[in-house]
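Asks: Sequence first, then the predicted structure:
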Amino acid sequence: MQSASEQWFDESYYQRFYFDKKTSVIDVEHAKRLGSFVCSYLAYLRVPVARVLDVGCGIGLWREAVSAHFPGATYHGVEFSSYLCERFGWEQGSVVDYRSDGGLFDLVICQGVLPYLSAADLKLALANLGRLTRGGLYVEAVSREDYERGVIDEDLTDPRLFRHRAALYRRGLEDAGFRELGGGLWLSEHSEVPMFELECRQG
């Protein structure tokens, strides 16, 4: 099967999953709590954050949290959707092959993007996240196990998502040089921040 088409992510998609309170999958308060957790934990670990990449940034809900916790950092939004790029001014690109002329990023955010990719494109995307990140990476992706355990509201979740196993994500991120910290956070092998063994999940 092919990865999601760019045409899927039009105005009606964002109206359903972002703007309509009855069917939205994320709200501003949720984004604030999540952003506060991620940014606070990186600050606690003393991961220096000056450049932030939000790949698949949607309507830019992470920008406020980044600005609040890392006021001197630059926030760069990248989106696959031409509709959102035109509306919000994001750079158009894909997590599969996006490249930056400015070097690596201290924090990369990839929320709700990876399940739209086929297994082949997912492998490329995870490797690419490794090439883009020198500090922390936040990944949110529903897995097949989440459906099997009944923690997914299938009435609200896009039925076109791929149901990849969690192990596929973990293996790809570990192969890309990341260590899992928990809560969706990963630390790049490029980071010089020392970690205790019990602070990291062992593969």
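Replies: Here it is on my side, so go on.

Asks: From now on I want contacts and neighbour counts done on CA atoms only, so please keep to that.
Replies: Noted.

Asks: Tell me who's in contact with the residue lying closest to residue 73 once chain neighbours are set aside.
Replies: Ranked by CA to CA, 6 or more residues apart in numbering and with sequence neighbours excluded, the top spatial neighbour of residue 73 is residue 50, at 4.1 Å. The contact partners of residue 50, taken as CA atoms under 8 Å, 6 or more residues apart in numbering, are 70, 72-74, 105-106.

Asks: From the residues you listed, keep the buried residues only.
Replies: Restricting the contacts of residue 50 to buried positions leaves 70, 73-74, 105-106, with burial counted as 16 or more other CA atoms under 10 Å.

Asks: how about those in a markdown table, adding secondary structure?
Replies: Formatted as a markdown table, those follow (DSSP: H, G, I helix; E, B strand; the rest coil):
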| residue | secondary structure |
| --- | --- |
| 70 | coil |
| 73 | coil |
| 74 | strand |
| 105 | strand |
| 106 | strand |
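
Asks: Farthest pair within those?
Replies: 70 and 105 (13.5 Å; CA to CA).

Asks: Which residue ranges of the protein form strands?
Replies: With strands called from DSSP state E, the chain shows them at 51-55, 74-79, 91-92, 105-111, 133-140, 178-182, 185-188.

Asks: which residues touch the last one?
Replies: Counting by CA under 8 Å, 6+ apart, strand 185-188 makes contact with 38, 130, 133-139, 177-181, all of which sit outside it.

Asks: mind redoing it with 6 Å?
Replies: The contact list for strand 185-188, computed with CA atoms under 6 Å, 6 or more residues apart in numbering, reads 134-138, 177-180.
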